[in-house]
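1. My questions concern the predicted model and sequence given below.
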Amino acid sequence: MIKYGRHAKILEIIKENIIETQEDLVAALKNAGYEATQATVSRDIRELRLIKVSAAGGKYRYATASADTGSGDIESRLNVILGEAMVSVDYAMNQIVIKTLPGMANAAASAVDNCIANNSIVGTIAGDDTLLLIMRDEKEAVKLVSYLNRILK
């Protein structure tokens, strides 16, 4: 049950502080008496479905998707998150590559995983500023890229 206590503390920390990076969150947890590695915090962020939102001074901070997107509509959430994060989108056969602002790929991956409810996405892999989507086939990749390009414009 340590995980649930850590999750509750993470939610408290991001509500009360501007946390820009996973390293900032690891340090804040340590100050609160919780030992966690960056890998653990990364999993926690995914499980809690945290996103990065705009903060003062052109920076970004972690927040809960439901509290900061301002909409209960799933498509609106996806549009907000991806609209803020995406820089470009392209595909090759059944693979889609989404370039994001630095540090935003995990938020974009979480948005895609949680907001696009169909079986056409086999899986997602996110780095710091790049997201890879593996689609079932090229036809599905073309349809999703078209949709993502409308969000990007």
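-> Perfect, thanks for sending it. Numbers count the residues shown, from 1 in each chain.
2. what's the distance between residue 26 and residue 109?
-> 20 Å (CB to CB, to the nearest Å). Every C-beta, even on glycine, is put in place using the N, C-alpha and C of the backbone.
3. With residue 82 instead?
-> Distance from residue 82 to residue 109, by CB to CB: 10 Å.
4. worst-scoring helix or strand of this protein, pLDDT-wise?
-> Least confident helix or strand of the chain, by mean pLDDT, DSSP states H and E, is helix 65-68 with a mean of 55.
5. how about the nearest residue to the spatially most central residue of the chain, chain neighbours excluded?
-> Nearest residue to the geometric centre of the chain (CA atoms, centre = their mean): residue 107, 1.0 Å. Spatial nearest neighbour of residue 107, chain neighbours left out: residue 51 (4.3 Å); criterion: CB to CB, 6 or more residues apart in numbering.
6. residue with max distance from the center of the chain?
-> Extreme point of the chain relative to centroid (CA atoms, centre = their mean) is residue 33; 26.1 Å.
7. how close does that one get to residue 8?
-> Residue 33 sits 13 Å away from residue 8, going by CB to CB.
8. And for residue 56?
-> On the measure of CB to CB, residue 56 and residue 8 end up 26 Å apart.
9. can you check residue 19 too?
-> In terms of CB to CB, residue 19 sits 15 Å off from residue 8.
10. Mind checking which of the two has more residues around it?
-> Applying other CB atoms under 10 Å to residue 19 and residue 8 shows that residue 19 carries more neighbours, namely 24 against 11.
11. Can you report how many residues neighbour residue 109?
-> 22.
12. ok, now which ones touch the closest residue to it other than its chain neighbours?
-> Leaving aside its chain neighbours, residue 109 sits nearest to residue 126 (3.8 Å; criterion: CB to CB, 6+ apart). Contact analysis of residue 126 by CB atoms under 8 Å, 6 or more residues apart in numbering lists 105-106, 108-109, 132.
13. Which of those residues are buried, as a ChimeraX select command?
-> To isolate the buried members of the contacts of residue 126 in ChimeraX, using 16 or more other CB atoms under 10 Å:
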select :105,106,108,109
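14. if we can go back for a sec, strand partners (parallel or antiparallel) of the helix or strand hosting the residue nearest to residue 107?
-> Per DSSP states H and E, residue 51 falls inside strand 50-54. In the sheet, strand 50-54 lines up against strand 60-64 (antiparallel) (DSSP bridges).
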